[in-house]
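Return atomic coordinates for the entry below.
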Amino acid sequence: MNTASNHDAHGPKSGIMRWITTTNHKDIGNMYLIVALAMFFVGGAMAMVIRAELFQPGLQLVNPHFFNQMTTLHALIMVFGAVMPAFVGFANWQVPLMIGAPDMALPRLNNWSFWLLPFAAVMLVSTLFMEGGAPAAGWTMYPPLVQQTGDAFPFLIFTVHLLGMSSILGAINIIVTIVNMRAPGMTLLKMPMFVWTWLITAFLLIAVMPVFAGAVTMLLTDQYFGTSFFNTAGGGDPVLFQHLFWFFGHPEVYIMILPSFGVISQVIPTFARKPLFGYASMVYATAAIAFLSFIVWAHHMFTVGMPISGQLYFMYATVLIAVPTGVKVFNWLATMWRGSMTFETPMLFALGVVVMFTFGGFTGVMMGTAPTDVQYHDSYFIVAHFHYTLVSGAVFSVFCGAYYWLPKWTGYMYDEKLGKLHFWLTAISFNVLFFPQHFLGLAGMPRRIPDYALQFADWNMVSSIGGFAFGLAQLIFLWVVIKAVRGGEPASDEVWEGADGLEWTLSSPPPYHSFNEAPKVS
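All right, here's what the predicted structure looks like:
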């Protein structure tokens, strides 16, 4: 299936054309992962600019406008250019292998949905060099601030549309593949957890991306076609944009987190050498999280003046999400309980996710409580919270999955000593970087501000030192990947040693037969 489409009348394509025209799910997975890694370093460089400016009070490196451009582009690039493409790369590689399919269901669509991505990413970065500069209104793109960006504004909107198209097409492909191409005997409740989390994530993407596209199109018509959706002078309401944005934005957070839950649910059983505890409850908890993510959007908006009844509803619905999330955490702990655990690099990252993401969840409950959120809102406490969920949740899971599957992808084992060094430097520097920001936020330091009062100086210096260390630690990961791709110790059939190591790698719950054998027909 996938080989025929990469051949023409003159034989197989080679060189650059092979990569441009490929419909092979593994090739496309590789390209997603390469783009994600490149954008991770671009977005990381912008974070370094932010932390360098905040190293001490006073304006020393960049002007305030450029600082806010960095905060905006850092967020957009990390969300749409790094984390989401990395998980789509994982899905391209692993979903067909895990369900016994020869390839993705729609290979040419797969190719197209990938190639939208690098062009959109380059266009997003190019707004920095346009008249008026990149948007400086934060990744939320609230009007009227975002409409003051000059010539770059329509390019920003077009970029969002391209990224959304890429995501929707990829999601359709994943759903069709999982629904139609499972191996005989693989019912839905026998699918690996990673496949389940991606199936649910794909439905989230299809549901919320068009809402985001509609919202930014309304921004565009307000700016250039005389409409007044968000313009108060014409009877519009800027808070309407916040409702539309967060109806997309909150499920978007779970679009980044649910596949990471899937990765962790594959890795922990492998290194605990036990099947995943409570498999069915994990599936239902994932679905519950996805459903609840649609009905809590205005907890980002407790300070806009909504009525008390609205605040109460969004507060209760938000805190309710802690229940299925707690189910997942307890199931991971129960999987490890009395297991024959070993602590290779993927397991270390998985444990890092369980510990630090759970801490981010606790601060989330604090901010989901309407009266206290008024105090935390737009402070560095918020920044600390969502980095504890998105970095230690999603980015650590990307590292976890990359180390776990690198032997599968490359045929070679990665350097275990360097992997562990990468984990410890990353985990320690991450906490040095973001934990002090809780203190800064509680003391009243606002976010997205390049200069600050002297009482915030000490913790900002500590945070910036952690930031530079975190950035440098990622160069180790880059070197580990390059080393593994270039060769080394060949990976064995059972990559992770232990009872039925490969079977745990491929599936949870455990299959009734090896994937290498013909399916047993009863």
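
In the chain, where is pLDDT below threshold?
1-12, 497-522 (pLDDT under 70).

all strands in it, in order from the N-terminus.
7-8, 11-12 (DSSP state E).

OK, contacts around the closest residue in space to L454 that isn't next to it in sequence?
Using CB to CB, 6 or more residues apart in numbering and skipping the chain neighbours, the partner closest in space to L454 is P57 (5.8 Å). Just so you know, the C-beta spots here come from the backbone N, C-alpha and C atoms, and that holds for glycine as well. Listed by CB atoms under 8 Å, 6 or more residues apart in numbering, the contact partners of P57 are D451, Y452, A453, L454, F456, A457, N460.

correct me, but G133 touches H65?
Yes - the criterion here is CB atoms under 8 Å, and G133 meets it with H65 at 6.9 Å.

Which one's more surrounded, those two?
G133 (17 against 12; other CB atoms under 10 Å).

can you count the residues close to W337?
When neighbours are counted by other CB under 10 Å, W337 comes out with 11.

ok now do it, which residues does it touch?
Listed by CB under 8 Å, 6+ apart, the contact partners of W337 are F277.

what does A285 give?
Going by CB under 8 Å, 6+ apart, A285 touches P324, T325, V327, K328, N331.

M130 now?
By CB under 8 Å, 6+ apart, the neighbours of M130 are G150, D151, A152, F155.

and the residues you listed, which of them are in helices?
Using DSSP state H, the subset of the contacts of M130 located in helices is A152, F155.

What about the contacts of M130, which one has the most neighbours?
A152 (23 neighbours).

residue ranges of the helices in the stretch 101-250 of the chain, please?
Ranges of helices within the stretch 101-250 of the chain are 107-126, 152-180, 193-224, 238-272, based on DSSP state H, counting those that start in this stretch.

Pick the most buried one from those.
helix 238-272 (a mean of 24; mean count of other CB atoms under 10 Å).

That one - contacts with which helices or strands?
helix 84-99, helix 193-224, helix 279-293, helix 322-336, helix 345-368, helix 380-389, helix 396-410, helix 501-506 (3 or more CB pairs under 8 Å, 6 or more residues apart in numbering; DSSP states H and E).

Turn these into a markdown table, including distance to L475.
Shown next, in a markdown table, are the helices and strands packed on helix 238-272 (distance: least, CB to CB, whole Å):
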| stretch | distance to L475 |
| --- | --- |
| helix 84-99 | 17 |
| helix 193-224 | 28 |
| helix 279-293 | 34 |
| helix 322-336 | 30 |
| helix 345-368 | 16 |
| helix 380-389 | 20 |
| helix 396-410 | 13 |
| helix 501-506 | 28 |
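
out of those, nearest to Q266?
Q266 lies closest to helix 193-224 among the helices and strands packed on helix 238-272, at 5.2 Å (CB to CB).

any idea how far that closest one is from the chain center?
The chain centre lies 14 Å from the centre of helix 193-224; the measure is CA atoms, centre = their mean, to the nearest Å.

one step back: which of the helices and strands packed on helix 238-272 is buried the deepest?
helix 84-99 (a mean of 25).

Who are the packing partners of that helix?
Applying 3+ CB pairs under 8 Å, 6+ apart, one finds that helix 84-99 contacts helix 25-53, helix 152-180, helix 193-224, helix 238-272, helix 396-410.

can you list the ones you listed in JSON lines and add distance to M367?
Formatted as JSON lines, those follow (distance: least, CB to CB, whole Å):
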{"stretch": "helix 25-53", "distance to M367": "22"}
{"stretch": "helix 152-180", "distance to M367": "26"}
{"stretch": "helix 193-224", "distance to M367": "21"}
{"stretch": "helix 238-272", "distance to M367": "13"}
{"stretch": "helix 396-410", "distance to M367": "21"}
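
for these, which one sits closest to V296?
Comparing the helices and strands packed on helix 84-99 under CB to CB, the one sitting nearest is helix 238-272, at 5.9 Å.

relative to helix 193-224, how tilted is that closest one?
Relative orientation of helix 238-272 and helix 193-224, computed by axes from the mean of the first three to the mean of the last three CA atoms, to 10 degrees: 160 degrees.

how many degrees apart are helix 238-272 and helix 152-180 in direction?
Going by the same axes, to 10 degrees, helix 238-272 makes 40 degrees with helix 152-180.

Could you check how far helix 238-272 is from the centre of its chain?
That offset, for helix 238-272, works out to 7 Å (CA atoms, centre = their mean).

Stretch 209-226 now?
On the basis of CA atoms, centre = their mean, stretch 209-226 sits 25 Å off its chain's mean C-alpha point.

And for that stretch, what's in contact with it?
141, 143, 146-147, 153-154, 157, 160-161, 164, 167-168, 227-231, 236, 241, 244-245, 247-249, 252.

CA atoms of stretch 191-204 as CSV?
In CSV, the C-alpha atoms belonging to stretch 191-204 read as follows (Å, rounded to 0.1, in the frame of the first residue of the first chain):
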residue,chain,number,x,y,z
MET,A,191,-6.6,-1.2,21.8
PRO,A,192,-3.4,0.2,23.4
MET,A,193,-4.0,3.3,25.6
PHE,A,194,-2.0,5.4,23.3
VAL,A,195,-4.4,4.6,20.4
TRP,A,196,-7.4,5.4,22.7
THR,A,197,-6.0,8.8,23.8
TRP,A,198,-5.3,9.7,20.2
LEU,A,199,-8.8,8.7,19.0
ILE,A,200,-10.4,10.9,21.6
THR,A,201,-7.9,13.7,20.9
ALA,A,202,-8.7,13.6,17.2
PHE,A,203,-12.4,14.2,18.0
LEU,A,204,-11.5,17.1,20.2
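
what's it in contact with?
87, 90-91, 94-95, 98-99, 170-172, 174-175, 178, 182, 188, 251, 254-255, 258-259, 261-263, 265-266, 276, 279, 282-283, 286-287, 290, 293, 506-508.

redo that, cut-off 6 Å
Contacts of stretch 191-204 from elsewhere in the structure, counted by CB atoms under 6 Å, 6 or more residues apart in numbering, are 91, 95, 98-99, 171, 174-175, 178, 251, 255, 258-259, 261-262, 265-266, 282-283, 286-287, 290, 507-508.

do the same with stretch 22-38
Contacts for stretch 22-38 (CB under 6 Å, 6+ apart): 2, 5-6, 82, 85-86, 88-89, 92-93, 96, 103-104, 107-108, 110-111, 114, 117-118.

can we see that at 7 Å?
2, 5-6, 19, 82, 85-86, 88-89, 92-93, 96, 103-104, 107-108, 110-111, 114, 117-118, 121 (CB atoms under 7 Å, 6 or more residues apart in numbering).

And for stretch 324-336?
Residues outside stretch 324-336 that contact it (CB under 7 Å, 6+ apart): 261, 264, 268-269, 272, 274, 276-278, 281-282, 285, 288-289, 354, 358, 361.

Extract the C-alpha set from it and format it as PDB.
Output in PDB follows, covering the C-alpha atoms of stretch 324-336 (Å, rounded to 0.1, in the frame of the first residue of the first chain):
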ATOM      1  CA  PRO A 324     -11.100  11.500  36.200                       C
ATOM      2  CA  THR A 325      -7.500  13.000  36.300                       C
ATOM      3  CA  GLY A 326      -7.200  11.500  39.800                       C
ATOM      4  CA  VAL A 327      -8.400   8.100  38.400                       C
ATOM      5  CA  LYS A 328      -5.500   8.200  35.900                       C
ATOM      6  CA  VAL A 329      -2.900   9.100  38.500                       C
ATOM      7  CA  PHE A 330      -4.100   6.400  40.900                       C
ATOM      8  CA  ASN A 331      -4.100   3.800  38.100                       C
ATOM      9  CA  TRP A 332      -0.500   4.700  37.200                       C
ATOM     10  CA  LEU A 333       0.500   4.400  40.900                       C
ATOM     11  CA  ALA A 334      -1.400   1.000  41.200                       C
ATOM     12  CA  THR A 335       0.400  -0.200  38.000                       C
ATOM     13  CA  MET A 336       3.800   0.500  39.700                       C
END
